[in-house]
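Colleague: A predicted structure for the sequence below; I have some questions about it.
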Amino acid sequence: PDFVAAWLAAARIGAITIPFSTFSTGPELRTLLRGSDVDVLIAAASIRGRDLIAVLAELVPSLDPPILHPDLPALRRIAVKSPTGGESPATSPEKCRQNEMEAAVRATDRMVVIHTSGSTSAPKGVVHQHGSLLDHVRNLNGLRRYGPDEVLFSPSPFFWIGGFAYVL
């Protein structure tokens with residue numbers, strides 16, 4: 001639920017999101033972050049018993065902003081949701097002009113970059129726009145005869161297009 005809320009908030013203001021695999025090792029995550037020019041990384045402290053803080057510690061010596069690391073030149077902030085809820089105090093986001101930003105979002109704007117699995121070569125980021133992705137899912141839901149009262153179970157994670165598109 002926290003991921004969904006954060007993703008929806010970012011999408012509403014026109015930010016381009018990139019859900020990374022929670023299976024990524026430190027070096028894999030470094031490559032993905034560097035290649036994606038991510039400036040803000042939002043992460044959970046852990047997932048399914050995996051200590052994500054330890055993975056992040058492999059990347060940068062401190063989570064306090066601004067992050068200035070030569071291997072990750074665009075990264076400036078890592079926001080970590082603590083296990084007890086809430087966000088670490090050093091990374092709380094600044095207030096923004098939310099209504100103006102939401103009004104500026106268009107169907108042709110980029111919304112999300114989903115990386116391929118990397119099973120046969122290095123992962124590649126595929127860019128999806130607001131309108132085309134939503135239209136595609138709407139069409140597929142029509143073919144499946146899914147209505148607004150349907151409940152869908154999907155075991156696919158949000159960092160794969162199947163989990164992202166069909167659930168979100």
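Modeller: Perfect, thanks for sending it.

Colleague: just the element for the residue lying farthest from the centre of the chain, please.
Modeller: Centroid-distance maximum for the chain: residue 145 at 28.7 Å, with CA atoms, centre = their mean. Using DSSP states H and E, residue 145 falls within no helix or strand.

Colleague: next one, pLDDT for it please.
Modeller: Predicted confidence (pLDDT) for residue 145: 92.

Colleague: any idea how far residue 165 is from it?
Modeller: 18 Å (CB to CB, to the nearest Å). In this view, the C-beta of every residue, glycine as well, is placed from N, C-alpha and C.

Colleague: and if you look at residue 110?
Modeller: Per CB to CB, residue 110 is found 15 Å from residue 165.

Colleague: so those two - more neighbours on which side?
Modeller: Shown here are residue 110 and residue 165; by other CB atoms under 10 Å, residue 165 has more neighbours (19 against 13).

Colleague: report how many residues lie close to the nearest residue to residue 12 once chain neighbours are set aside.
Modeller: Distances taken as CB to CB, 6 or more residues apart in numbering put residue 102 closest to residue 12, at 5.2 Å, once the chain neighbours are dropped. Counted by other CB under 10 Å, the residues lying close to residue 102 total 12.

Colleague: got it, and residue 115?
Modeller: Residue 115 has 21 nearby residues by other CB under 10 Å.

Colleague: contact partners for it?
Modeller: For residue 115, the contact set (CB atoms under 8 Å, 6 or more residues apart in numbering) comprises 18, 20, 21, 32, 123, 124, 125, 126, 159.

Colleague: longest helix of the chain?
Modeller: Longest helix in the chain, counting residues (DSSP state H): helix 130-143.

Colleague: and residue 155, how far from residue 72?
Modeller: Noted for residue 155: a distance of 32 Å to residue 72, by CB to CB.

Colleague: any low-confidence regions in this structure?
Modeller: Scanning the chain for pLDDT under 70 picks out 82-96.

Colleague: which residue sits closest to the spatially most central residue of the chain, ignoring its sequence neighbours?
Modeller: What sits nearest the mean C-alpha location of the chain, by CA atoms, centre = their mean, is residue 19, with 3.0 Å. Nearest residue to residue 19, sequence neighbours excluded (CB to CB, 6+ apart): residue 159, at 4.2 Å.

Colleague: for the one you found, pull up the helix or strand it's in.
Modeller: Using DSSP H and E, no helix or strand contains residue 159.
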